[in-house]
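Trainee: based on what follows, work out the 3D shape:
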Amino acid sequence: MDKVVIGGGQGFWGDSNDAAVHMVKHGGLNYMACDYLAELTLSIMARQKLKNPQAGYARDFIGLLNECVMDAQDNGVRILTNAGGMNIKGCVDAIAEIYKSKGLSGRKIGYVLGDDMTGEIDRMMAEGITFENIDGVGEFKDIKDKIVNANVYFGHEPILECLSADADVVVTGRATDSALFLSPLMYELGIKEDDWTNIARGIMAGHLLECGGQGAGGNFDYGWRDVPDMDQLGFPIAEFSLRDLVITKAPNCGGLISEQSCKEQFLYEIHNPASYITPDVVADVSAATLTQVGLNRVAVGGIQGKKRPDTLKLSIGYHAGYKVATMLSFAWPDAYEKAQKAADILMKKLQRKNLRSEDIRIDYIGLNSLHLGVSNMDPSHLKELNEVVLRIAIRTKDKLEAEKIIPEVAPLQLNGPPGASFFGGRAKVQEVIGLWPTLIPRDSVKLSSNILTIE
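Mentor: Alright, predicted model coming up:
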């Protein structure tokens, strides 16, 4: 194979399956990679698994695979995903049930274990690892006994091993989004471990695909009105060879692949274009080019690569207290003034209850919840606002403190300014998960590649 066609099937946990199913059927793919994880997603999954040992992975993927597995089989499409989350074996078992139900004996499920390092903290501390916060905030000793999960971001190596063992599907935990795409490119095209430029090209191909529809006209600031058929948005596809990289999409679907749409995704989450650090390579895209070469076809060039770092990022989720967020809507006339009065009433009540909080935030949705600047508005405009929603949120260390606000909100429908409407149901206390990002030596991580063959 001298060219690999790979599609980005998911952008996040909860994304639509439609584009993925369509591209497996009609996209001419060799591979499809589906990204489900974000930093705090794993903490949520860890909590799910504590409540139910069978949970803790992205069950959305099981539904997607059930929809497209026969087309993938017929069209020779291999699928990679980090849907394993905090329960990789549970995800593998669910995939196996799909294969068995479809009569697909002999199929192979590859899976990678070892990214969950929650139980390795003491061992690593004994080895001298200090877990300094990348952002320079706080002391690790203050959160050590509050850890919910600790997952390392890893690269292509164990995924490549699964592909070399002929896995039809590969399931991981916290593999980097782009490594899911890079691995098939390295496998099929024989890219060497020290070919930093081609590895960087593969990483950036993955980067352009990993957010699903966002790379094909979704969430498109430059010209969202110009995106056709957004109701059936297609997701991006990369055609990758050692000579060329072209971003496109499947036929007969909506969306837009243009220089502008690709540029927005290309620079997304890249802090330093000359030094985009990943576990696989440090990519330099400061001289990259994106050129429209046809309808919904953009060629990408000028990417360079430098040696990978000696450390890996470890994302630690920890219990950081509790929060409650609740809302009341107010209608014209004087909607903003009414909402302000309601906020004042709530704050006085909470003060009498001696609320001990870490943070209190008051927003007026429709006025300043997304953009500040109320003081600059024309006073007549403020008075004539059609509606305003008061949103008040508190964060506390103690759960009982967070509960203090809950019984005070609904009564304001009759006990406060006129025109209030309570919606969304009675507020609930939610756990707050904090993120502690740190770097650890690469050799402190032990990953394993595994194969399950369906009988």
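
Trainee: Gly419: neighbour count?
Mentor: 17 (other C-beta atoms under 10 Å). From N, CA and C alone the C-beta is placed, and that goes for glycine too.

Trainee: quick check: closest non-adjacent residue to it.
Mentor: Spatially, and ignoring its direct neighbours in sequence, Gly419 is nearest to Ala331 (4.5 Å; C-beta to C-beta, 6 or more residues apart in numbering).

Trainee: give me the number of residues near that neighbour?
Mentor: So Ala331, with other C-beta under 10 Å, has 15 neighbours.

Trainee: for Ser315, give me its contacts.
Mentor: Ser315 makes contacts with 39, 42, 150-153, 174, 435-437, as judged by C-beta atoms under 8 Å, 6 or more residues apart in numbering.

Trainee: same check on Asn82?
Mentor: By C-beta under 8 Å, 6+ apart, Asn82 lies in contact with 34-37, 171-175, 177, 180.

Trainee: so what does the worst-scoring helix or strand of the chain on mean pLDDT touch, helix or strand wise?
Mentor: Within the chain, confidence by mean pLDDT, DSSP states H and E is lowest for helix 379-383 among all helices and strands, at a mean of 81. Judged by 3 or more C-beta pairs under 8 Å, 6 or more residues apart in numbering; DSSP states H and E, helix 379-383 is in contact with helix 335-352.

Trainee: give me the residues contacting the helix or strand following the helix it packs on.
Mentor: For helix 335-352, the succeeding helix or strand toward the C-terminus, using DSSP states H and E, is strand 359-365. Residues from elsewhere that reach strand 359-365 (C-beta under 8 Å, 6+ apart): 327, 336, 339-340, 343, 347, 369, 374, 388-395.

Trainee: picking that back up, quick one: contacts of the least confident helix or strand of the chain?
Mentor: With contacts defined as C-beta under 8 Å, 6+ apart, helix 379-383 is touched by 333-334, 336-337, 367, 374.

Trainee: all strands for the stretch 151-300 of the chain, in order.
Mentor: 169-171, 236-240, 245-249, 276-277, 282-284, 289-294, 297-301 (DSSP state E, counting those that start in this stretch).

Trainee: what's the mean pLDDT across the fifth one?
Mentor: The average of the pLDDT scores along strand 282-284 is 98.

Trainee: partners of that strand in the sheet?
Mentor: Under the criterion DSSP bridges, strand 282-284 sits next to strand 276-277 (antiparallel), strand 304-306 (antiparallel) in its sheet.

Trainee: among these, which is nearest Val429?
Mentor: Nearest to Val429, of all the strands paired with strand 282-284, is strand 276-277, at 37.6 Å by C-beta to C-beta.

Trainee: rounded mean pLDDT for that closest one, please.
Mentor: Rounded mean pLDDT across strand 276-277 is 98.

Trainee: identify the residues contacting that strand?
Mentor: Strand 276-277 is contacted from outside by 203, 270, 282-285, 309, using C-beta under 8 Å, 6+ apart.

Trainee: buried subset of those, written for PyMOL?
Mentor: What follows is the PyMOL syntax selecting those of the contacts of strand 276-277 that are buried according to 16 or more other C-beta atoms under 10 Å:
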select buried, resi 203+282+283+284+285
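
Trainee: and the contacts of strand 276-277 as CSV, adding distance to Gly114?
Mentor: Putting the contacts of strand 276-277 into CSV (distance: C-beta to C-beta, whole Å) gives the following:
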residue, distance to Gly114
Ile203, 21
Ile270, 27
Val282, 23
Ala283, 25
Asp284, 30
Val285, 30
Pro309, 19
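
Trainee: ok, so of the contacts of strand 276-277, who is nearest Ile451?
Mentor: After measuring the contacts of strand 276-277 against Ile451 - C-beta to C-beta - the closest member comes out as Ile203, at 25.5 Å.

Trainee: so what's that closest one closest to, chain neighbours aside?
Mentor: Nearest-residue entry for Ile203: Ser178, 4.7 Å, with adjacent residues in sequence omitted and distances by C-beta to C-beta, 6+ apart.

Trainee: now do Leu242
Mentor: Leu189 (5.9 Å).

Trainee: next up, the contacts around the one you found.
Mentor: Contacts for Leu189 (C-beta under 8 Å, 6+ apart) come out as 1-2, 4, 198, 240-242.

Trainee: quick one, phi/psi of Ile433?
Mentor: Main-chain dihedrals, Ile433, degrees, to the nearest 10: phi -100, psi 120.

Trainee: tell me what it is bridged to.
Mentor: Taking DSSP bridges as the rule, Ile433 bridges to His319.

Trainee: got any ranges where this structure has weak pLDDT?
Mentor: By pLDDT under 70, the weakly predicted segments of the chain are 373-376.

Trainee: domain-wise, how is it divided?
Mentor: Following automatic domain parsing, one finds the domains of the chain at 4-115+153-309, 316-436.

Trainee: picking that back up, roughly how far apart are the residue nearest to Leu242 and Ile147?
Mentor: If you measure Leu189 against Ile147 using C-beta to C-beta, to the nearest Å, the figure is 40 Å.

Trainee: which residues sit in contact with the nearest residue to Gly218 once chain neighbours are set aside?
Mentor: Leaving aside its sequence neighbours, Gly218 sits nearest to Leu233 (C-beta to C-beta, 6+ apart; 5.6 Å). Contact analysis of Leu233 by C-beta under 8 Å, 6+ apart lists 19, 213, 216-218, 227, 253-255.

Trainee: what's the local residue count around Gly213?
Mentor: For Gly213, the count of nearby residues is 25 (other C-beta under 10 Å).

Trainee: hang on, I meant Arg225
Mentor: With neighbours defined by other C-beta under 10 Å, the count for Arg225 comes to 6.

Trainee: who touches stretch 147-156?
Mentor: Identification of contacts with stretch 147-156 by C-beta under 8 Å, 6+ apart yields 42-43, 45-47, 86, 112, 114-118, 120-121, 172-176, 179, 182-183, 186, 278-280, 308, 312-319, 433, 440, 445, 447.

Trainee: just give me how far it sits from the chain centre.
Mentor: How far stretch 147-156 lies from its chain's middle: 14 Å, per C-alpha atoms, centre = their mean, to the nearest Å.

Trainee: same check, this time on stretch 378-395
Mentor: Relative to the chain's own centre, stretch 378-395 is displaced by 31 Å; criterion: C-alpha atoms, centre = their mean.

Trainee: ok, now stretch 50-66?
Mentor: Mean-position distance between stretch 50-66 and its chain equals 16 Å (C-alpha atoms, centre = their mean).

Trainee: how about it: buried residues?
Mentor: Within stretch 50-66, the residues scored as buried using 16+ other C-beta under 10 Å are 55-62, 64-66.

Trainee: show me the two of the residues you listed that sit farthest apart.
Mentor: Using C-beta to C-beta, the two most remote members of the buried residues of stretch 50-66 are Gly56 and Asn66, lying 19.4 Å apart.

Trainee: who does the nearest residue to Ile247 once chain neighbours are set aside bridge with?
Mentor: Distances taken as C-beta to C-beta, 6+ apart place Val298 nearest to Ile247, at 4.8 Å, with adjacent residues excluded. Beta bridges link Val298 to Ile247, Gln292, judged by DSSP bridges.

Trainee: contacting residues for Val298?
Mentor: Here Val298 is in contact with 246-248, 257-259, 262, 290-292 (criterion: C-beta under 8 Å, 6+ apart).
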